[in-house]
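Participant: Generate a structure from the sequence data that follows.
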Amino acid sequence: MPRAELSNEAEAEIEEAAAYYEAIHSALADGLLDRIEHGLNQISDLPGTWPTYLSDTRRYLLRRFPYALVYRIQNDTPYVVAFVHQHSKPGYWLER
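Facilitator: Sure, this is the predicted structure:
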């Protein structure tokens, strides 16, 4: 299976979250980025493992952080449409 790809919006959301945690402590930002990388590897290796979510997507929940990678499988490639905070603005990304 090909490596998971990120939408521009998901990349921007990751950068925003990393900057937030960096402002608190650099170790938190590093931990977040490690969990994201782990999630992308998992999604790339086993894209059908996580249950369907909304609008034909799947959701990978990050451990230790209140975020999820929301993705679709397009042409056999996992495509991350959003990096969402689990406790704010549910479904804001559905138009993507």
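
Participant: C-alpha only now, for contacts and for neighbours.
Facilitator: Will do.

Participant: Closest to the centroid, which residue in the protein?
Facilitator: Note on the chain: the residue nearest the mean C-alpha position is residue 69, at 2.1 Å, using Cα atoms, centre = their mean.

Participant: hang on, residue 29 packs against residue 22?
Facilitator: Yes: look at residue 29 against residue 22 with Cα atoms under 8 Å: they come within range, at 4.9 Å.

Participant: between the two, who's got more neighbours?
Facilitator: residue 29 (19 against 15; other Cα atoms under 10 Å).

Participant: And the average pLDDT for the helix or strand containing the more buried one is what?
Facilitator: Using DSSP states H and E, residue 29 sits in helix 26-45. On average, the pLDDT along helix 26-45 is 97.

Participant: Could you report the neighbour count for residue 50?
Facilitator: Residue 50, neighbours per other Cα under 10 Å, totals 15.

Participant: nope, residue 49 is what I was after
Facilitator: For residue 49, the count of nearby residues is 12 (other Cα under 10 Å).

Participant: and if you look at the one 10 residues further on?
Facilitator: The number of residues packed near residue 59 is 22, by other Cα under 10 Å.

Participant: so who does it touch?
Facilitator: Residues near residue 59 by Cα atoms under 8 Å, 6 or more residues apart in numbering: 50, 51, 52, 53, 68, 69, 70, 71.

Participant: helix, strand or coil for it?
Facilitator: strand (DSSP: H, G, I helix; E, B strand; the rest coil).

Participant: Any figure for the gap between residue 85 and residue 9?
Facilitator: Counting by Cα to Cα, to the nearest Å, the gap from residue 85 to residue 9 is 14 Å.

Participant: For residue 14, which non-adjacent residue is spatially closest?
Facilitator: Among residues not flanking residue 14 along the chain, residue 83 sits closest, at 6.3 Å (Cα to Cα, 6 or more residues apart in numbering).

Participant: who does that neighbour bridge with?
Facilitator: Counting by DSSP bridges, residue 83 is bridged to residue 69.

Participant: Would you mind confirming that it makes contact with residue 68?
Facilitator: Yes: using Cα under 8 Å, residue 83 is in contact with residue 68, at 5.7 Å.
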